[in-house]
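Engineer: Quick one, fold the following:
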Amino acid sequence: MSKIKDYIQLHLNILLFSLTSVFSKFASIQYNRHGLHSPMLYVFLFLMIANCGIYAIAWQQVIKKFSLSTAYANKSVYLLWSQIWAVFIFHESLSVRNIIGLLVVLFGVWMVQRYE
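Structural biologist: Predicted structure coming up:
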């Protein structure tokens, strides 16, 4: 049960890290629409930096529980979260190549997990 909690913590941390790209894209949208005078640009930049700081502290705690190869292999699940955010938040579409790439990455994570 403890290992399951560790993996949940690992993947929640990866999800947290994926939000950095969401904040970054929102900041980019604000900059493109309003330039440097947009207060929301600075809100999203702050959220992006704060999120990176929280992630860095949490990541240090999480990787103590795993081998580095396992932790970093699981970190590639970030790509899955990024695609989910792209589709649901930014209404982007996934191409067949995106889906094949995600499947390759998830297969790689599964292969690393099998040997732990």
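
Engineer: what about this protein, any weak spots by pLDDT?
Structural biologist: Counting by pLDDT under 70, the chain contains low-confidence residues at 116.

Engineer: Spatially central, which residue of it would that be?
Structural biologist: Centroid check for the chain by Cα atoms, centre = their mean gives Ser18 as the closest residue, at 2.1 Å.

Engineer: Secondary structure element holding that one?
Structural biologist: According to DSSP states H and E, Ser18 maps onto helix 2-34.

Engineer: Next one: Phe107 relative to Tyr42, how far apart?
Structural biologist: Per Cβ to Cβ, to the nearest Å, Phe107 is found 41 Å from Tyr42. In short, each C-beta sits where N, CA and C put it, glycine included.

Engineer: which one of these two has more residues nearby?
Structural biologist: Set Phe107 next to Tyr42 and count neighbours by other Cβ atoms under 10 Å: Tyr42 wins out with 12 against 9.

Engineer: Just want the angle from the helix or strand that that one is a member of to helix 2-34.
Structural biologist: Using DSSP H and E, Tyr42 maps to helix 39-62. Put simply, helix 39-62 runs at 160 degrees to helix 2-34, going by axes from the mean of the first three to the mean of the last three Cα atoms, to 10 degrees.

Engineer: who does helix 39-62 touch, helix- and strand-wise?
Structural biologist: Where contact means 3 or more Cβ pairs under 8 Å, 6 or more residues apart in numbering; DSSP states H and E, helix 39-62 is packed against helix 2-34.

Engineer: distance between the helix it packs on and the chain's centre?
Structural biologist: Between the centre of helix 2-34 and the centre of its chain there are 4 Å (Cα atoms, centre = their mean, to the nearest Å).
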